[in-house]
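1. A predicted structure for the sequence below; I have some questions about it.
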Amino acid sequence: MSDKNKSEINFLVELDENRIPEKLYWTAKDGGVELEESKAIMLSVWDSKAKESMRIDLWTKDMPVDEMKIFFHQTLVAMSDTFHRATGDEKMSATMKDFCEYFAEKLELTK
């Protein structure tokens, strides 16, 4: 495979003495992102042999709880959009969106 058919996304995690993330950075050169700082990362990878998800969830120790709630909400909304694109299942996508609205309401994220 030639280099033009490859793309890399990298994560750099700076840890404290207790191995707790202090800084998170990500790079996606094809997308114009170079060592962009972040406060949280959620990554899911599908293992088709085991038929299960593998996950990496990291957040810095200074990630504010109110921002974590927003991050989760936006991630859930994005997951419902991705589910719709991947499966075409409009009924379940709408159900997921309903849950996202409920989630935002209960966390008082809506204005």
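-> Sure, I can see it.
2. Okay, strands next: where are they in this structure?
-> Taking DSSP state E, the strands of the chain run over residues 10-15, 21-28, 33-38, 40-47, 52-59.
3. could those go into CSV alongside mean pLDDT and distance to residue 65?
-> The C-beta positions use only the backbone N, C-alpha and C, and glycine is treated the same way. CSV is the format used below for the strands of the chain (pLDDT from 0 to 100; distance: least, C-beta to C-beta, whole Å):
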stretch, mean pLDDT, distance to residue 65
strand 10-15, 98, 21
strand 21-28, 97, 16
strand 33-38, 97, 16
strand 40-47, 97, 11
strand 52-59, 97, 10
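4. out of the ones you listed, nearest to residue 73?
-> Residue 73 lies closest, by C-beta to C-beta, to one member of the strands of the chain: strand 40-47, at 12.5 Å.
5. quick one: buried residues of the closest one?
-> 40-41 (16 or more other C-beta atoms under 10 Å).
6. So which of the strands of the chain is the most surrounded?
-> strand 21-28 (a mean of 16; mean count of other C-beta atoms under 10 Å).
7. That one - contacts with which helices or strands?
-> Counting contacts by 3 or more C-beta pairs under 8 Å, 6 or more residues apart in numbering; DSSP states H and E, strand 21-28 is packed against strand 10-15, strand 33-38, strand 40-47, strand 52-59.
8. just the angle between it and strand 33-38, please?
-> Note on geometry: by axes from the mean of the first three to the mean of the last three C-alpha atoms, to 10 degrees, strand 21-28 and strand 33-38 are set 150 degrees apart in direction.
9. Adjacent strands (with direction) for strand 21-28?
-> When pairing is defined by DSSP bridges, strand 21-28 lines up against strand 10-15 (antiparallel), strand 33-38 (antiparallel).
10. Need the strands of the chain in JSON lines (columns: distance to residue 91).
-> Formatted as JSON lines, these follow (distance: least, C-beta to C-beta, whole Å):
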{"stretch": "strand 10-15", "distance to residue 91": "35"}
{"stretch": "strand 21-28", "distance to residue 91": "34"}
{"stretch": "strand 33-38", "distance to residue 91": "34"}
{"stretch": "strand 40-47", "distance to residue 91": "23"}
{"stretch": "strand 52-59", "distance to residue 91": "23"}
